[in-house]
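1. Okay, here's the prediction I keep looking at, along with the sequence it came from:
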Amino acid sequence: MSTIRLTMAQALLKFLDQQYISIDGVETKFVAGVMGIFGHGNVTGIGEALERSPGSLVFVQGKNEQGMAHAATAYAKQLNRTSIYACTTSIGPGALNMVTAAGTATVNRIPLLLLPGDNFASRQPDPVLQQLEAGHDYTIAATDCFKPVSKYWDRIVRPEQLMSAALQAMRVLTDPADTGTVTLALPQDVQAEAYAYPVSFFEKRVHVVDRQQPSTEAVKRAIELISTKRKPLIIAGGGVQYSFATEALAAFAETFSIPVAETQAGKGSLPWKHPLNVGGIGVTGGLAANKLAKEADLIIGVGTRYSDFTTSSKSAFPHQDVQFLNININRMDAAKLEGTALVGDAKEAIRLLAEGLAEAGYVSAYKDGEIAGVNAEWNAEVDRLYTLEREDGFAQTRALGVINETIDEDAVIVCAAGSLPGDLQRLWRVGSPGGYHMEYGFSCMGYEVSGAFGAALAEQGREVYALVGDGSYLMLHSELVTSLQEGRKLTVLLFDNHGYQCIHNLQRGHGSDGFGNEFRYRESETGHYTGGPLPIDFTAHARSLGLASYKASNAEELRQALKQAKAETRSTLIEIPVLAGTNTGGYESWWNVGVPAVSESEKVVAAHEEMSKKLAQAKPY
């Protein structure tokens, strides 16, 4: 057996550089490179390997560990999970900064490979700088915190362990049913230890993603179920896009006259103008989908995990005979809501269902013009909100209308948290596939700018926009510097409403007078943040980082700023002051949040009673 003597870190990079993924015969290099921030836990190990022997792997210098891991997640998401960046950090705080991003990737079913440094396996210098010492269990390190947010976790305490761990890591990263974060904790001494690795370990490996076929009996059960229903409603989740099933879904809906509602991850599965696309569903959904959901006697969920926002806390489907058909590659998701499970690849499942239903002569019982009617009603509402003028300032929905009408049809927008995701799921008219990039599994504040950088890495020739509130921007914007460094332009559209106004609205909507959510000075009389708003100059901040920056306080200024931003060759920020509370509200939907049963406020107690009434009408499990 031929061998080659390498350090564990060198071997890891050499292995990663030879990994490929194949879907429908299309082969893609799976690991594009490594994002990293160096410290004493990785600089002399994997850092030396990246400097001297990276192969074709590209190194990207991060500025914040969470931020770069978000960027890696967004890169993989934008490319429908066909390519990834790994992320390397030192031990201690550098590693722990990635935990939030690890949870974000796992919840969203996106492959993310994390390579945090770890304590010395030899324990010779214990306790090493930044080491977490657990007196009751000395095997515990900071990297153990990644276990609950990882789909696969391992600690490489001997260099030869890399081989089995790396193969397991690739198994999970390329598995559409079980992908998410993979964490390989790398003790800093072991990174530098040498071993005679078999040459065969570094041969090119192609991970073929076979389209899992649903069982014949499961397809038969699904066809029988659909055949008994008059008004089915499809919910398109992210799995539709990750399985490249958008065209198959459109053909299926057209053939059997079934309307299609979309989750945040599934938005864009059908063009917004498609007559059977009834838009977003659930808490942040629109009128058309939520109206049809109330009358549906069958919900066909395709690649969705049925979050509480999608189901309006299990209250969106009140029809007494409603049942669920869950098409999903993941068995856990397929089993939800007591549904009939159709476990398999979305594209293949849709194909098999179409064949069986066509043979049975099935067609839905929606009346002529019924779907078109709710769509027309909703489109009129979107038009109203997009053109809404306020004398006292710039409405957020008006700003979104200007943006949607002005930027390129093939542009990519990235968002994650605050009031913008609700407005975007309801109102945004998706121009092209991949144009709507929303992280709403974790709704992680701070993802927006980092995610836009990751999307810009993934896309060539498309304008990428981060739509972000001032609260999320202040939390995490460091990868803007990386975008300048890498020459990957993105445009930040910063909606400034002086605080966490989404949660402020939620708070006041359940009996509160408003507390702790606006960016105001503390008043000495009350001791609360009820003074004037903090005068933050975001355009000046962006310029200080090296970005081009503009400010737009009305529709015409915004339209002009967008045109100027497109002409820029470097990353750009547009500050958009908007009126707080001018976002959209719920459309025939409900969200279950814990409201106190006891309070000094009568308004809070009344809100609790109202919440209890609605909870009694929702599905309890």
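-> Received the coordinates, thanks. Residues are numbered from 1 along each chain as shown.

2. contacts, neighbours, all on C-alpha from now
-> Will do.

3. Find the centremost residue of the protein, please.
-> E439 (2.3 Å; C-alpha atoms, centre = their mean).

4. If we ignore the residues flanking it in sequence, what's nearest that residue?
-> Leaving aside its sequence neighbours, E439 sits nearest to A416 (C-alpha to C-alpha, 6 or more residues apart in numbering; 4.7 Å).

5. Check K291 too.
-> Setting aside the residues directly before and after it, K291 is nearest to E588 in space (C-alpha to C-alpha, 6+ apart), at 7.2 Å.

6. ok so, going back, please verify my assumption that the residue nearest to E439 contacts E448.
-> Yes: between A416 and E448 there is a contact under C-alpha atoms under 8 Å: 5.9 Å.

7. what residues are shared contacts of the two?
-> By the contact definition C-alpha atoms under 8 Å, 6 or more residues apart in numbering, A416 and E448 are jointly contacted by V468.

8. For the two, indicate the residue with more neighbours.
-> Using other C-alpha atoms under 10 Å as the criterion, A416 and E448 rank with E448 on top: 33 against 28.

9. The more buried one and G471, how far apart?
-> 11 Å (C-alpha to C-alpha, to the nearest Å).

10. who touches stretch 118-137?
-> Contacts of stretch 118-137 (C-alpha under 8 Å, 6+ apart): 41, 90-93, 140-143, 157, 185-190.

11. try 10 Å this time
-> 40-42, 89-95, 138-144, 155-158, 184-191 (C-alpha atoms under 10 Å, 6 or more residues apart in numbering).

12. Drop anything exposed from these.
-> 40-42, 89-92, 94-95, 141-144, 155-158, 184-191 (16 or more other C-alpha atoms under 10 Å).

13. So which of those residues are in helices?
-> G94, A95, Q188, D189, V190, Q191 (DSSP state H).

14. Distance check, the fourth one against G41.
-> Translated: D189. For D189 relative to G41 (C-alpha to C-alpha), the value is 9 Å.

15. Which of the ones in helices among the buried ones among the contacts of stretch 118-137 sits closest to T174?
-> Comparing these against T174 with C-alpha to C-alpha places A95 closest, at 23.4 Å.

16. so who does the closest one touch?
-> Counting by C-alpha under 10 Å, 6+ apart, A95 has contacts 37, 41, 65-66, 87-89, 114-118, 142-143, 145-146, 185.

17. Return the subset of these lying in strands.
-> C87, T88, T89, L114, L115, P116, G117, D118, A185 (DSSP state E).

18. before we move on, the earlier item: quick one: common contacting residues for E448 and G471?
-> Counting by C-alpha under 10 Å, 6+ apart, the residues touching both E448 and G471 are A417.

19. just to revisit the earlier point, quick check: the residue nearest to the centre of the chain touching V449?
-> No: counting by C-alpha atoms under 10 Å, E439 stays clear of V449, with 11.8 Å between them.

20. which residues do these two both contact?
-> Joint contacts of E439 and V449 (C-alpha under 10 Å, 6+ apart) are V414, C415, A416.

21. From V283, how far off is the last one?
-> The one in question is A416. For A416 relative to V283 (C-alpha to C-alpha), the value is 15 Å.

22. rewinding a little: tell me, what's touching D189 and G41 both at once?
-> Shared contacts of D189 and G41, counting by C-alpha under 10 Å, 6+ apart, come down to G117, D118, N119, F120.

23. is it true that the residue nearest to E439 touches V468?
-> Yes: between A416 and V468 there is a contact under C-alpha under 10 Å: 7.9 Å.
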